[in-house]
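Enquirer: 3D, please:
(one chain, ligands or ions: 1)
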Amino acid sequence: MDYQKVLDTIHEELSHRDVYGKVASYIPELAKVDPKKFGMHLYKGKGEHYSFGDSIEKFSIQSISKVFTLSMAMQLLGEDLWDRVDVEPSGDPFNSLTQLEYEKGIPRNPFINAGALVICDILVSNLDDPKKDLLEFVRKICDNDSIEYDHKIAASEKSTGYRNYALVNYMKALGNIKNEVEPIVDFYFHQCSLAMSCEELAKAFMIFANNGKMLETGEKILSKTKVKRINALMQTCGFYDEAGEFSFEVGLPGKSGVGGGIVAIHPAQYSVAVWSPILNEKGNSELGMAALEKLTTMTGLSIF
Ligand code: DON
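Expert: Next comes the predicted model:
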C-alpha cells in the first residue's frame, strides 16, 4: 500500500472543498487559530511515516487528552474506576448537564466532559502533582520532551469555563467528586491545553494500536486488556453524539478535540492524526472526519 500516495490524494481532493462550520470560539484563544490549517500524519512502523500539510505544527489537543488521563486513571484504579464513571455512549453533547441529573451524577463515559472531570478528580486524589505526571506520561509515549501545556489556552478556557465548573459542582453535590472544585478544573483546563502536532499525536497513540507497547522500544505501557477497553471506548464514545457516524463513515476507534484534531488507530496497522480547526455542529473537525473517511475507503481497510 502506498500510504503517501493515499495521503497526497486526500490532501489534493479536500483542500479545494468548501468547509461549512466554525472554529471553536467558546474558548477565546481557540478562535484566533487560522481556519485554513490542514495537516495529517500516519505512523505505520519504524521509519514508516507519511504526512501532508501542517502536520508538524502544534495545536491545542483539547479532548484528545482525555485518552491519556483515562489511561493513567486505569493504571491507578483498575476496574474500580467503573464505579465512578460508566462505559455507555452518551448520545448527548459532550458538555451536557441534563444527562447527569437523571444518571444521578455518574457520567455516561470518560470522554464526555463530566466523565473526564471525574477522571481528573481521581488523578488529583492519587497523585501529588497530576500536571507533572501527565506531562511525563505523554512525553514518554511520544518519546519527545518538547511537549508542553499552553498556559494561555488554559487561562482562556478558565475565564469562560462556567459549564465545566457547573458539571463539577453538580457532581460534587451528588457525591461523585471528592476534592475541591478548583484543583480539578485547573488540572482539566491544563490537560486540554496540551499542544501537540499531528506527528506527535500519531506517535503517542501508537501504544493503542500496538497492544499497549511502544513500537520502537517494545516497552510495555498498558496491558492488553486496558488497551482493549480504551479502544472500545474510543469506538463507542470518542465522538460523543457523532460516535455512530464516525464508526459508520470511518470504521476506526478514535478521539476528537475542539481544537480540530482527530486521532484514530487501526490495531496492528497504524495510528493517524489529522488537524483542521473548522468544526461541525457536534464539535468535531469537518475536514478531519472527511480525511479519515477517505483514508479507510481508499485503502479498503478498517476494523470492520
Ligand atoms: O471542556 C471543554 O469544553 C474543552 N476543553 C474540550 C471539549 C472538546 O474538545 C470536545 N471535543 N470535541
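Enquirer: mind listing the strands for the stretch 151-300 of the chain?
Expert: 194-196, 254-256, 261-266, 270-275, 278-279 (DSSP state E, counting those that start in this stretch).
Enquirer: just checking, what packs against the second one?
Expert: Meaning strand 254-256. helix 224-237, strand 261-266 (3 or more C-beta pairs under 8 Å, 6 or more residues apart in numbering; DSSP states H and E). (Glycine included, C-beta is placed from N, CA and C.)
Enquirer: so which of the ones you listed is the most surrounded?
Expert: Among the helices and strands packed on strand 254-256, strand 261-266 has the highest mean neighbour count (mean count of other C-beta atoms under 10 Å), at a mean of 28.
Enquirer: contact residues of the stretch 151-300 of the chain facing the ligand?
Expert: Neighbours of the ligand within the stretch 151-300 of the chain, by C-beta under 6 Å from any ligand atom: 157, 164, 192, 256-258, 283-284.
Enquirer: so which bits of the stretch 1-150 of the chain are right by the ligand?
Expert: So far as C-beta under 6 Å from any ligand atom goes, the stretch 1-150 of the chain lies against the ligand at 62-63, 94-95, 113.
Enquirer: ok, 8 Å please
Expert: Within the stretch 1-150 of the chain, the residues that sit near the ligand (C-beta under 8 Å from any ligand atom) are 24, 26-27, 62-64, 94-95, 113, 116.
Enquirer: what about those, which are in helices?
Expert: When helices are assigned by DSSP state H, the members of these inside them are 113, 116.
Enquirer: and the residue of the stretch 101-250 of the chain found nearest the ligand, what does it touch?
Expert: Proximity of the stretch 101-250 of the chain to the ligand (C-beta to the nearest ligand atom) peaks at C192, 3.7 Å away. Each residue near C192 by C-beta atoms under 8 Å, 6 or more residues apart in numbering is listed here: 60-63, 65, 153-154, 157, 257.
Enquirer: show the pLDDT at it.
Expert: pLDDT for C192: 98.
Enquirer: hmm, back to that, where's the dip in pLDDT among the residues of the stretch 151-300 of the chain next to the ligand?
Expert: Scanning those for pLDDT, the low point is G283. It has 91.
Enquirer: thinking that one is in contact with D92, fair?
Expert: No - taking contacts as C-beta atoms under 8 Å, G283 lies outside contact range of D92: 11.9 Å.
Enquirer: which one of the two has more residues nearby?
Expert: Legend: neighbour count by other C-beta atoms under 10 Å for G283 and D92, higher for G283 (22 against 15).
Enquirer: and for K5, the neighbour number?
Expert: Neighbour tally, K5, other C-beta under 10 Å: 11.
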